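Novice: Next input, structure requested:
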Amino acid sequence: QVQLVESGGGLVQAGGSLRLSCAASGRTFTSYSMGWFRQAAGKEREFVAGISPSGANTFYTDSVKGRFAISRDNAKNTVTLQMNSLKPEDTAVYYCAGKGGAFSYRPNSYNSWGQGTQVTVSS
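Specialist: Model (predicted):
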């Protein structure tokens, strides 16, 4: 299991950009699929973006395709979510998560979670 710490959240106006980072500790990071999830107030946690252990494959929910980009640096044990053209509906607490093996869209498949970082997009 890896330990995850997110950073980079904040308040931004609609149309702006934010970059979220997730720092991982643990030797198994390079074998982990990584994902970003978000949870808005009063709503269930939902998948946002994911990346395979090697970084060769990325996955996005439809509402962020073309606006968000996930990447990883296995040498530095980090995962990044670049968020552009932000919308008020992107407002949520964003979580970094990891799981061993193949990627999954399901939050229940992930066994490592960060503490979350707040992203607020004003209109």
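
Novice: Sketch out the strands for the chain, chain order is fine.
Specialist: Assigned by DSSP state E, the strands in the chain fall at 3-7, 10-13, 18-25, 32-39, 46-51, 58-60, 68-73, 78-83, 92-100, 112-113, 117-122.

Novice: and the first one, which strands flank it?
Specialist: Note on strand 3-7: by DSSP bridges, its sheet partners are strand 18-25 (antiparallel).

Novice: list the buried ones in the strand it pairs with?
Specialist: For strand 18-25, burial by neighbour count (16 or more other Cβ atoms under 10 Å) applies to 18, 20-24. (Each C-beta comes from the backbone N, C-alpha and C, glycine too.)

Novice: Nearest residue to the middle of this structure?
Specialist: Nearest residue to the geometric centre of the chain (Cα atoms, centre = their mean): residue 36, 2.2 Å.

Novice: With that, I have no additional questions.
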